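In: what follows is a predicted protein model with its sequence.
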Amino acid sequence: MKEFLKKVPDKISLYTTIYMVAFTVFNLLNGTDSIPTVKLLQGLFIGACIGSWSEFSFGKCIISEMSLRKRTWLFVIPISLLLFATAVIFQWAASPNDYLKVFCILLLYWLFCILVLEISHLAKGRHYTIKLKAYQSESSHEASDAPQLVTAYDVTDNKNGADK
């Protein structure tokens, strides 16, 4: 639990920074020059929630035995629900059509997470396959270079009948 509490502030700062950068870029693209203080506090809240849940989902402190795929789903689904709920509570959208856009963005987020996870699995699989083949190749060379020992069984067991 101590390790969990040590890592959470780093995650909170990471996700808060990501929110602030994304919000700033979004505002600049829409022609807004300033960010209201309320939006900064919302970003801190969202960063704290996502950072804490990220460490819970992907850290080894609380959940030690779980596959990366399950951890990703454990992270993505609640965070998507949290983001949609905050969009409704903080009234980020003005109309139902805007909420549909938020839902589509979250759907794209899910797909992006799945894509990154699958690419990561493929890259790791290729990396470990190359290492395994190199190890097997090295092991087979060592086995063929070793001197072959002749045992008493090999000498006395002559199937050709030449020793008669």
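Out: Cool, the structure landed. As the structure is a computational prediction, the values presented were derived from the model and not from experiment. Numbering: from 1, shown residues only.
In: tell me which element the closest residue to residue 90 other than its chain neighbours is part of?
Out: Leaving aside its sequence neighbours, residue 90 sits nearest to residue 42 (CB to CB, 6 or more residues apart in numbering; 5.5 Å). Placement of C-beta: from N, CA and C, glycine included. Using DSSP states H and E, the element containing residue 42 is helix 37-58.
In: just the residues contacting that helix, thanks.
Out: Helix 37-58 is contacted from outside by 4, 7-20, 23, 61-63, 71-72, 74-75, 78-79, 82-83, 86, 90, using CB atoms under 8 Å, 6 or more residues apart in numbering.
In: what does stretch 11-20 give?
Out: Counting by CB under 8 Å, 6+ apart, 40, 43-44, 46-48, 50-52, 54-55 sit against stretch 11-20.
In: ok, residue 101 to residue 79 distance?
Out: For residue 101, the distance to residue 79 equals 18 Å [CB to CB, to the nearest Å].
In: the more surrounded of those two?
Out: residue 79 (21 against 13; other CB atoms under 10 Å).
In: list the contacts of the more buried one.
Out: So residue 79 contacts 49-50, 53 (CB under 8 Å, 6+ apart).
In: highest neighbour count among those residues?
Out: Busiest of the contacts of residue 79 [other CB under 10 Å] is residue 50, holding 22 neighbours.
In: which SS state does residue 35 fall under?
Out: Judged by DSSP: H, G, I helix; E, B strand; the rest coil, the three-state class of residue 35 is coil.
In: can you report how many residues lie near it?
Out: Residue 35: 14 neighbours (other CB under 10 Å).
In: and the contacts of stretch 11-20, which are buried?
Out: Neighbour-count burial (16 or more other CB atoms under 10 Å) applied to those gives 43, 46-48, 50-52, 54-55.
In: now for the biggest helix by length in the chain, which elements pack on it?
Out: In the chain, with assignment by DSSP state H, the single longest helix is helix 96-145. For helix 96-145, the elements it packs on are helix 68-89, judged by 3 or more CB pairs under 8 Å, 6 or more residues apart in numbering; DSSP states H and E.
In: angle of the helix it packs on against helix 96-145?
Out: If you take axes from the mean of the first three to the mean of the last three CA atoms, to 10 degrees, helix 68-89 sits at 170 degrees to helix 96-145.
In: can we start the residue count at 31 from this point?
Out: Sure, I'll start numbering at 31, so the last one becomes helix 98-119.
In: now do helix 98-119, average pLDDT.
Out: Helix 98-119 carries an average pLDDT of 83.
In: same deal with stretch 152-164?
Out: Mean predicted lDDT for stretch 152-164 stands at 88.
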